[in-house]
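Undergrad: Build me a model from this:
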Amino acid sequence: MSSQLSGFLRQLFLHRLVTLFGLIGIAMVTGALMGAVQLSWQITRGRIIDSTEAANVAMTKVFVNEEWDRLRPLLPLAGLRDRELLKSRPENVAIEQIVRRFSAGTDLLKVKIYDLDGLTLYSSDPKQIGDDQSGNAGFLSARKGTPRSELTFRGRFGTFDGVVHDRNLISSYLPAMSEVGIQAVVETYTDRTRSIEEANRAMVRLALLLAPLFYGVYASLLYVVWRADRVRREQQLALEAMAIENQNARAAAETANQIKSDFLANMSHEMRTPLTAIVGYAQSTLTHRPSIEEQLANVQTILRNGEHLLSVINDLLDVAKIEAGKLEIELVPVKLFSLLADVRSVSTVHATKKTIAFDIQCDFPLPSQIITDPTRLKEILLNVTNNAIKFTHEGRVSVHVSYLAPEGQVKFVVADTGIGMTTEHLTRLFEPFRQADASTSRRYGGTGLGLHISKQMAEMLGGGIHVSSVAGQGSTFEILIDAGRPRPVEFVSELPDAAGGCDETAGAIAPPQLGGRLMLAEDNPDNQELIRLYVEKTGAEMTIVGNGQLAVEEAMQYDYDLILMDNQMPVMDGMEATRLLRQTGFDGPIVALTASATKDEMQRFKQAGCSAFLSKPIDWNLFYATLAEHLPARVQDSPCNPDAPPLSVKSARFRRLSDGFVAGLPVRMQDIRAAYSRQDWPQLAAGIHDLKGMGSGFGYPQLTGIAAAIQAAITERNYAGLAESVSKLERIVSEAIADTRIEPA
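TA: Residues are numbered from 1 along each chain as shown. Model prediction:
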């Protein structure tokens, strides 16, 4: 790790160093280019000034030779220093005419004449006559006989003919010399704007010509350096890759050895544990000559451990076949609902032992027959459902079955409220011989092969397995398998009478025969009648109240062996009622009925004093098991009917209750639509809560499924997808209303 970090820091430093030198190089090239252009400009500028000065010197000599004799008498006397008198002299007009006549046809814009003391004797701009220029450097240089010129830019300048703007001018101080010496100093202003502009254009052309050359040379140098650096880096990366490959190979070998060691230790434990029980109980039976009852118990223990050992061996054989590519798949026509019934019968037993709910919900239409390997599909479903039951201690495990028409696949979604998994655990979930972590293996046992085998089999059946999970909240496994293309394809919109498996029409449920009294605190009339229907079959007496306050008052007046307590009720909710009942001294069992069976809510119910929980929609097998746990069995001479028939969801009375529930759906949907339209999320959640709790109970698991999805979206404040979910809910409600058939009592 430290070597990788140092390598990264070294590369970062080199990258920044190269970037810095690149920027410095660009700056240097740009500076050199600008310097070359500037040097060329200075040379051109000097040539313009020198040529103009030479021309002005020559012109001044001509001016002195030709015009000085006429001009000198017109100049003021040496003693006259008054500016106003100098400006008002009439001779200035004559001087102006002489200068203008001489300057005609030249680039001269202005002429000034100074005496040797620096006094301005004449200027093309009359306001400047009389100015003192004795300290001017150009004047002093010309008085000594040396001309001096400079280039200046004037935004506004007075000339013979008025004011001009934006001109490049060369001002020259020139000595007016005759045979007797310097007579005066003449200052001329020559317009060189056109020459300067042409020089500027030439400089631009030069810069455009030199820039590609300079930058091309620099780019070539950079390419050479970059290419050399790239070769060096490629060699370095090759060496580092070789080192990493060697390191990974060592790590892989160590990991493989560790996995092999863990596997051998795990398999040794998984095989030795049942073998120990088998050998031990066999020896005990042979040695101690136990009674018939003890022998039977010993044989049952031997059989149970033998079956477990056989399952371990079968898992190992399946993995070996899968790894060798020799696991065979036999695709045959399979009755989907019969297969689901088999899965339900096995998984319900395991779930009931742990006092958790288990159900299978079907999203119709479904194909009545599919083409697949029934043995492998059943093994997949049992592996996943039993795994979910094993890791779930409270709440429920549910299987949702649907058909994906475009893909021609059947989807099984197994959801639980168990311990869940972290993202890290999910990454190695399907690895053979491994579970989420070592503590999981120690606590729950198992080879860690089941999910690996199931995933491989699902892929061999044309699908796969995907999982999502939240630690502490539960997991969801999505199993996809190819449904094949049976001819003709028959789809059903409800479960056939002879089939089982889905809880929508799960067949007959045998009620236990019970005595005692129980109270139901439930505000929803449909739920009241549904629960009354199931309780009456047991022979137990039941009182129904509509809110928590009435439940407290009823329990203070009469003795009850059991209280079934809904949570969301008017006046007083179930949690507060439970808390008050415990404070008033009620010590009987209180079972919470809730459609929001989250761990937090269960914990709050426990703290309030609840003894157990039943999740809505209610698993009626678990419901009867809970009643049997807390109510006394009915004595044989009870006046109640001892031959109460099993309760079937096909019974006329159940159908009447179900039809009544459906008849009330339009009003419920009206309230739900109104709450959604005004974005009243608490009110919408309340309406959805009732549908979630009652849908499956009255034979409409699709209602429960979509209601649960809407409730989850509201809880997570994910309102974006609610429109689609509410539309789907409306469609399911419309189908339920259209399919309702009123049967005679």
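
Undergrad: contacts, neighbours, all on C-alpha from now
TA: OK.

Undergrad: in a strand, that's where R233 is, yeah?
TA: No: secondary structure of R233 (DSSP: H, G, I helix; E, B strand; the rest coil): helix, not part of a strand.

Undergrad: For it, give me the pLDDT.
TA: With respect to pLDDT, R233 scores 78.

Undergrad: Give me the residues contacting stretch 682-691.
TA: For stretch 682-691, the surrounding residues in contact (CA atoms under 8 Å, 6 or more residues apart in numbering) are 595, 668, 671-672, 675-676, 703-704, 707-708, 710-711, 714.

Undergrad: Include distance to L631 and pLDDT when you put the residues you listed into JSON lines, please.
TA: Formatted as JSON lines, the contacts of stretch 682-691 follow (distance: CA to CA, whole Å; pLDDT from 0 to 100):
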{"residue": "A595", "distance to L631": "24", "pLDDT": "69"}
{"residue": "R668", "distance to L631": "35", "pLDDT": "84"}
{"residue": "D671", "distance to L631": "39", "pLDDT": "87"}
{"residue": "I672", "distance to L631": "38", "pLDDT": "88"}
{"residue": "A675", "distance to L631": "41", "pLDDT": "87"}
{"residue": "Y676", "distance to L631": "43", "pLDDT": "87"}
{"residue": "L703", "distance to L631": "32", "pLDDT": "76"}
{"residue": "T704", "distance to L631": "29", "pLDDT": "74"}
{"residue": "A707", "distance to L631": "33", "pLDDT": "81"}
{"residue": "A708", "distance to L631": "32", "pLDDT": "76"}
{"residue": "I710", "distance to L631": "36", "pLDDT": "84"}
{"residue": "Q711", "distance to L631": "34", "pLDDT": "79"}
{"residue": "I714", "distance to L631": "38", "pLDDT": "83"}
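
Undergrad: Can you select the buried ones from the residues you listed in PyMOL?
TA: Here is the PyMOL command that selects the buried residues among the contacts of stretch 682-691 (16 or more other CA atoms under 10 Å):
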select buried, resi 595+668+672+675+676+703+704+707+708+710+711+714
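
Undergrad: Can I get the contacts of stretch 682-691 in CSV including secondary structure and distance to L75?
TA: Listed next are the contacts of stretch 682-691 as CSV, based on DSSP: H, G, I helix; E, B strand; the rest coil; distance: CA to CA, whole Å:
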residue, secondary structure, distance to L75
A595, coil, 120
R668, helix, 117
D671, helix, 113
I672, helix, 111
A675, helix, 107
Y676, helix, 105
L703, helix, 119
T704, helix, 119
A707, helix, 114
A708, helix, 114
I710, helix, 109
Q711, helix, 110
I714, helix, 105
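
Undergrad: ok, the contacts of stretch 682-691 vs H466, which is closest?
TA: A708 (20.6 Å; CA to CA).

Undergrad: Which residue is the nearest non-sequential neighbour of that closest one?
TA: In space, A708 comes closest to K692 once its chain neighbours are excluded; the distance is 5.9 Å by CA to CA, 6 or more residues apart in numbering.

Undergrad: right, and the one you found touches A709 too?
TA: No: K692 lies out of contact with A709 (CA atoms under 8 Å); the separation is 9.4 Å.

Undergrad: More neighbours: which of those two?
TA: Using other CA atoms under 10 Å as the criterion, K692 and A709 rank with K692 on top: 26 against 16.

Undergrad: which SSE is that one in?
TA: Counting by DSSP states H and E, the element that carries K692 is helix 681-694.

Undergrad: Quick one: distance of stretch 730-739 to the chain centre.
TA: 36 Å (CA atoms, centre = their mean, to the nearest Å).

Undergrad: what does stretch 703-712 give?
TA: Worked out by CA atoms, centre = their mean, stretch 703-712 lies 24 Å from the chain centre.

Undergrad: Tell me which residues are up against it.
TA: Outside stretch 703-712, the residues that reach it (CA under 8 Å, 6+ apart) are 617, 685, 688-689, 691-696, 722, 725-726, 728-729, 732-733.

Undergrad: want to throw the contacts of stretch 682-691 into JSON lines with distance to D132?
TA: Shown next, in JSON lines, are the contacts of stretch 682-691 (distance: CA to CA, whole Å):
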{"residue": "A595", "distance to D132": "107"}
{"residue": "R668", "distance to D132": "107"}
{"residue": "D671", "distance to D132": "102"}
{"residue": "I672", "distance to D132": "101"}
{"residue": "A675", "distance to D132": "96"}
{"residue": "Y676", "distance to D132": "94"}
{"residue": "L703", "distance to D132": "108"}
{"residue": "T704", "distance to D132": "108"}
{"residue": "A707", "distance to D132": "103"}
{"residue": "A708", "distance to D132": "102"}
{"residue": "I710", "distance to D132": "98"}
{"residue": "Q711", "distance to D132": "99"}
{"residue": "I714", "distance to D132": "94"}
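
Undergrad: Closest one of the contacts of stretch 682-691 to T584?
TA: For the contacts of stretch 682-691, the nearest to T584 is A595 (26.9 Å; CA to CA).

Undergrad: got a list of what F477 touches?
TA: 384, 413-415, 465-468.

Undergrad: Now, of the residues you listed, which are buried?
TA: 384, 413-415, 465.

Undergrad: Mind picking the two most distant members of the residues you listed?
TA: A415 and I465 (13.0 Å).

Undergrad: per-residue confidence for Y218?
TA: For Y218, the pLDDT comes out at 66.

Undergrad: Apologies, that question was intended for N547.
TA: 92.

Undergrad: can you pull the contacts of it?
TA: Here N547 is in contact with 521-523, 569-574 (CA under 8 Å, 6+ apart).
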